[in-house]
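# could you look at this predicted model? Sequence included:
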Protein chains: 2
Amino acid sequence: MKIVVLDGFTANPGDLSWDGIAQYGDLTVYERTPDPADVIPRIGDAEIVYTNKIPISAEVMDACKNIRMICLLATGYNIVDINAARKRGIDVCNIPSYSTASVAQLTIALLLELCHHVGDHSRACHDGTWTNGKDFCFWLSPLRELDGKTLGIIGYGRIGQAVGRIAQALGMKLLVNAHHVRPELESETCKYVSLDELLKNSDVITLHCPQFPETTGLINKDTIAKMKDGVLF
Amino acid sequence: MKIVVLDGFTANPGDLSWDGIAQYGDLTVYERTPDPADVIPRIGDAEIVYTNKIPISAEVMDACKNIRMICLLATGYNIVDINAARKRGIDVCNIPSYSTASVAQLTIALLLELCHHVGDHSRACHDGTWTNGKDFCFWLSPLRELDGKTLGIIGYGRIGQAVGRIAQALGMKLLVNAHHVRPELESETCKYVSLDELLKNSDVITLHCPQFPETTGLINKDTIAKMKDGVLF
């Protein structure tokens, strides 16, 4: 069985081993496949294709008749034409939860950067700006307190919920908009609301929904017009 | 009754009103008192003294005989000689909890800066470094995941506990060292330990104890030698 990895570098820049996959067949790993013209020849007659961000279209599936399974080295699978795969009986696998904690942590790190600009303040301290200031207190930009503020979470799966837990620990209230409403997740500080209510009443809005046609371009001129003044993304 | 504020600027840079205090007496507000020689003449025969960071020594109390109360526009009261105040029957008031949420939030912001350097990555994106890169993934420095790591908290009062709640939401386990042990705060992911155990087993260490003689210089050559490799403060 032939197995091809089209863009293995970001998943394994050299600190991991591909042996776990190589034991199942004849494995070829390409670090990158930047030229779309290379996709079909590189897959060739392989049965298993691993991709991180290289799109697999219906055209590719038609050209590479042996493909039985497309494995995503990622969570998002918008780069694979899953309808075309389904029609051809090709399995598509993603990794639904490998990065929940990381993404939630990064989301909060992005928010706290907007609130504090820690790096800028660190540099200003190194430069002597604080030492040479007249006051004990020192800030370059307004510091924003999140306690008591409202976080709007669009998409409330594993990652959205993980972000919500951290935000609640920071003292924030949650307004949640999601395709599947799960009342058991509601509490004194977490309510499901319509998208319009979320946009109108949130101080911070964060997106954790999959990219589907109905969620593409969700933040646009019209939805921004519905947000309250001073909203932080 | 005369009331003097020695360094009001950082508490009220102009967006607040002193009227709430002024209604109780003849109020004089100095924005700053940088010269120690001005402290005694500025207090003069006032009965109430507000200070944020201007030290009030026994000498000041002896020179300003009318002082009945010293109010700190802050939480920390290490700048007031409280033993001298007690002997002279002078009340000393601080603000024990005005900034709990802010300080906890800033603590986590400092930690997430060490993990992500968001500002640096933002600048690199603006500069085109990501756009011109060969990979979808992009980082300038290793990104550190906190989930499963251990946070050592020295001092477990209101602020330490607030930091602990956020850290636990980020997936961290807590090792706590505090003067007063409160077993009811222990859980599966929060244990009181000795200072040495905390230093040895924590991935991140954060200090939330008051500055007393026994806590001054707590992080020093000897305690750093007891920490594990790769510890983040």
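That came in fine, so what should we check first? Here the structure is a predicted model, which is why all the values come from computation and not from measurement.
# low pLDDT regions in chain A?
A:233 (pLDDT under 70).
# residue boundaries of the helices in it?
Using DSSP state H, the helices assigned to chain A run over residues A:19-22, A:39-43, A:58-63, A:82-87, A:100-116, A:118-126, A:158-169, A:195-201, A:221-225.
# wait, what's in contact with the residue nearest to A:T215 when sequence neighbours are not counted?
Closest residue to A:T215 apart from its sequence neighbours, by Cβ to Cβ, 6 or more residues apart in numbering or on different chains: A:C209 at 4.9 Å. Where you see a C-beta, it was placed from the backbone N, CA and C, and this is true even at glycine. Shown in contact with A:C209 (Cβ atoms under 8 Å, 6 or more residues apart in numbering or on different chains): A:I154, A:G155, A:G160, A:A178, A:H179, A:T215, A:L218.
# picking that back up, of the helices of chain A, which is nearest B:I67?
helix A:118-126 (34.9 Å; Cβ to Cβ).
# and the contacts of the closest one?
A:112-113, A:130-131, A:138-141, B:109-110, B:112-113, B:117-120.
# then stretch A:95-114?
The contact list for stretch A:95-114 (Cβ under 8 Å, 6+ apart) reads A:72-75, A:118-119, A:144, A:146, A:158-159, A:162-163, A:165-167, A:170, A:204, A:206, A:208, A:232, B:105, B:108-109, B:112-113, B:115-116, B:118-119, B:122, B:143, B:145-148, B:170-171.
# buried ones in that stretch?
Of the residues in stretch A:95-114, those buried by neighbour count under the rule 16 or more other Cβ atoms under 10 Å in any protein chain shown are A:99-113.
# for chain B, what are the nearby residues on chain A?
Residues of chain A lying close to chain B (Cβ under 8 Å from any Cβ of the partner chain) are A:7, A:9-10, A:32, A:34, A:52-53, A:101-102, A:104-106, A:108-110, A:112-113, A:115-120, A:122, A:134-137, A:143, A:145-148, A:165-166, A:168-171.
# now list the buried members of those residues.
A:7, A:9-10, A:32, A:52-53, A:101-102, A:104-106, A:108-110, A:112-113, A:115-119, A:135, A:146, A:165-166, A:168-171.
# any idea how far A:D91 lies from chain B?
Using Cβ to the nearest Cβ, to the nearest Å, A:D91 is found at 23 Å from chain B.
# quick check: bridge partners of that residue?
Beta bridges link A:D91 to A:M69, judged by DSSP bridges.
# tell me who's in contact with A:A84.
Neighbour list for A:A84: A:S57, A:A58, A:M61 [criterion: Cβ under 8 Å, 6+ apart].
# mind putting those residues into TSV with neighbour count?
What follows is the contacts of A:A84, written out as TSV (neighbours: other Cβ atoms under 10 Å in any protein chain shown):
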residue	neighbour count
A:S57	14
A:A58	13
A:M61	21
